[in-house]
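structure, please.
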Amino acid sequence: MLQKVAIDNVEIGMYVEQIESQRARTKMKKPGFIRRQETIDNLREKGVLFVYIDADQITSDEDIQYRETKVGKHSSVKGNDEFGAAKELVDKSKKQLSKLLNDVYENKPVDIEPVKQVSSDIVENIFERRDAVLWISGIREKSAYLLEHSMNVAFHLVNFGRYLELDRQTLEELAIGGLVHDIGKILVRDEVLNKPGKLSDEEFLHMKEHQTLSQPVLDSMIDLPKLSRDVSLMHHEKIDGNGYPNGLKGDELTLIGRMSCIVDIYDALTAERCYKPALSPSEAFKIMIGLTPFHLDPDLLKKFIRCIGFYPIGSVVELSNGRVGLVCKENPDDLMTPTVKMFYSAKTESFREVEYIDLKKRPDLKIIRGLTEAKLKTDFAEFR
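Below you'll find the model as predicted:
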């Protein structure tokens, strides 16, 4: 699926397949990477307003592993300094996790110490600038899903653990566990890991082996905390005993394991993959509620929903007047009445002047549904 990018936001390294001017949208005679600034300038001079890029095409091995998080220039999160610090943390986490995954893939010795430092930074930032960190981490990249997913699981685990009032050492070990929880997937065959359609029985069994493949890698990580290891080894277990790899049942599945199951599923459901569109947070929660009490812990799931909000910061929502925008501030007293940054009309399918609406003060308006940019076939990156 191609992504539409305004000419002013085009960057070196993007793979352009189509261009759009005021006259028409046309295919490039020679699709390819933009390697020089002069190419962008030439497109602009020829009246090109938008380009359509294939975000899954990359220019080097390094791009597979890490792409810097893009930040919208109209962000409203508690000031530029806090937003910038959160972005720096996310980018640092991506780089360190990228190195870890690359070392595993190349069968090199794995050093857990840099991951521990990143995990400590994640905890520190969740305490100091939670909203900014969660906003930034929610800006998804289509490529490098394993990288994004592992990082987001770490952020959500720490945020959830803080809500449950777990001690700081436990929070740091949760962050480490989140970063390494899917480490075995780097050893799963690419054609299975990235298959766009339904997996065959044989392919599904191979995918499940990522848990088994994880164990020797985790064993090789000197000083990896047991709690962090439990995050990795328990996140596919189920309360009724029908999970894997060990079929743990009931109380055999610890609090950490139950938290990991919830966070892993939530982040997977709200991510866009080659074989499925992303769900809005509210849509994801409805599905997850249906997984209780056999798969997920119902009481713990309720706490998770209260922790991040039914409409968390950065999520897309439509109001009863047809306006659409991004949740920018939570109301801790009522999860259904956050402050929303409005800038789009679902009725006219057009952008409008930015307006901030505190639903707590507007009883005449309410959220009627959560949405995604993909469903609206538009891009709100500029407004994040």
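
tell me which residues in stretch 221-232 are buried?
Across stretch 221-232, burial judged by 16 or more other Cβ atoms under 10 Å covers M221, L224, P225, L227, S228, R229, D230, V231, S232. Heads up, the C-betas are built off the backbone N, CA and C, glycines and all.

which sections of this protein are below the confidence cut-off?
1-2, 13, 35, 54-81, 135-144, 274-275 (pLDDT under 70).

show me where this protein has its strands.
Ranges of strands within the chain are 3-6, 15-20, 25-33, 50-53, 316-319, 323-329, 339-345, 350-358, 367-371, based on DSSP state E.

quick one: strands adjacent to the fifth one?
Sheet partners assigned to strand 316-319 using DSSP bridges are listed as strand 323-329 (antiparallel), strand 367-371 (antiparallel).

report the separation between K208 and S98.
The gap separating K208 from S98 is 25 Å, by Cβ to Cβ, to the nearest Å.

look at those two and report which has more neighbours.
S98 (19 against 16; other Cβ atoms under 10 Å).

the more buried one is in contact with L146, isn't it?
No: S98 lies out of contact with L146 (Cβ atoms under 8 Å); the separation is 9.9 Å.

okay, and the common contacts of these two?
Shared contacts of S98 and L146 (Cβ atoms under 8 Å, 6 or more residues apart in numbering): none.

quick one, what contacts the closest residue to R258 other than its chain neighbours?
Spatial nearest neighbour of R258, excluding adjacent residues (Cβ to Cβ, 6 or more residues apart in numbering): D297 at 4.5 Å. Going by Cβ under 8 Å, 6+ apart, D297 touches I239, R258, C261, I262.

chain neighbours aside, what residue packs nearest to I126?
Closest to I126 by Cβ to Cβ, 6+ apart is V158, at 4.9 Å.

how far away is the one you found from G177?
10 Å.

ok, K116 next?
Taken as Cβ to Cβ, the span from K116 to G177 is 11 Å.

who's more crowded, those two?
A side-by-side neighbour count of K116 and G177, using other Cβ under 10 Å, places G177 first with 29 against 19.

that one and R229 touch, don't they?
Yes: between G177 and R229 there is a contact under Cβ under 8 Å: 7.2 Å.

just to revisit the earlier point, export the strands paired with strand 316-319 as TSV, with columns for mean neighbour count.
Formatted as TSV, these follow (neighbours: other Cβ atoms under 10 Å):
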stretch	mean neighbour count
strand 323-329	22
strand 367-371	18
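
out of the ones you listed, nearest to V10?
Nearest to V10, of all the strands paired with strand 316-319, is strand 323-329, at 23.3 Å by Cβ to Cβ.

need the residues that contact the closest one.
Counting by Cβ under 8 Å, 6+ apart, 76-77, 131, 309, 311-319, 338-346, 352, 355-358, 371, 376, 380, 383-384 sit against strand 323-329.

how big is the angle separating that strand from strand 350-358?
Angle of strand 323-329 versus strand 350-358, following axes from the mean of the first three to the mean of the last three Cα atoms, to 10 degrees, is 40 degrees.

please report how far G197 lies from V231.
For G197 relative to V231 (Cβ to Cβ), the value is 30 Å.

repeat for L319
Taking Cβ to Cβ, one finds L319 at 37 Å from V231.

and the residue nearest to I126, how far is that from V118?
From V158 to V118 the distance is 11 Å (Cβ to Cβ).

try I305
Distance from I305 to V118, by Cβ to Cβ: 27 Å.

more neighbours, these two?
Legend: neighbour count by other Cβ under 10 Å for I305 and V118, higher for V118 (23 against 20).

which residues touch the more buried one?
K92, S93, Q96, L97, A175, L179.

go on, V316?
S280, V324, G325, L326, G370, L371, T372, E373, L376, F380.

T254 and R229 touch, don't they?
No: T254 is beyond contact range of R229, at 11.6 Å (criterion: Cβ under 8 Å).

return the set of residues that bridge with the residue lying closest to S280 once chain neighbours are set aside.
Of all residues not flanking S280 in the chain, G370 sits nearest, at 3.2 Å (Cβ to Cβ, 6+ apart). Beta-bridge partners recorded for G370 (DSSP bridges): V317.

so who does G370 touch?
S280, P281, S282, E283, Y311, S315, V316, V317, E318.

switch the cut-off to 7 Å
S280, P281, S282, E283, Y311, S315, V316, V317 (Cβ atoms under 7 Å, 6 or more residues apart in numbering).

now the first one, what are its backbone angles?
Geometry field for S280 lists phi and psi as phi -70, psi 160, criterion degrees, to the nearest 10.

you'd agree it is up against K375?
No: shown here, S280 and K375 do not form a contact pair, counting by Cβ atoms under 7 Å, at 8.3 Å.

what about the nearest residue to M14 once chain neighbours are set aside, distance to R129?
Once flanking residues are discounted, M14 sits nearest to I53: 4.7 Å by Cβ to Cβ, 6+ apart. I53 sits 31 Å away from R129, going by Cβ to Cβ.

try L319
The value you get for L319 to R129, if Cβ to Cβ is used, is 27 Å.

one more: I256?
On the measure of Cβ to Cβ, I256 and R129 end up 25 Å apart.

now do I367
From I367 to R129 the distance is 25 Å (Cβ to Cβ).

and what of T378?
28 Å.

those two: who's more crowded?
Between T378 and R129, counted using other Cβ under 10 Å, the more crowded position is R129 (21 against 15).

residues in contact with that one?
E82, A85, A86.

the first one against V133, yeah?
No: at 9.2 Å, E82 does not count as touching V133 under the criterion of Cβ under 7 Å.

which one of those two has more residues nearby?
V133 (27 against 16).

setting aside sequence neighbours, what's the nearest residue to that one?
A86 (4.5 Å).

just checking, that neighbour touches N125?
Yes: between A86 and N125 there is a contact at 6.4 Å, judged by Cβ under 7 Å.

thinking again about what came up before, tabulate the contacts of D297 (a markdown table), appending neighbour count and distance to E17.
Supplementary listing: the contacts of D297 in a markdown table, determined by neighbours: other Cβ atoms under 10 Å; distance: Cβ to Cβ, whole Å:
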| residue | neighbour count | distance to E17 |
| --- | --- | --- |
| I239 | 23 | 46 |
| R258 | 21 | 44 |
| C261 | 25 | 39 |
| I262 | 25 | 38 |
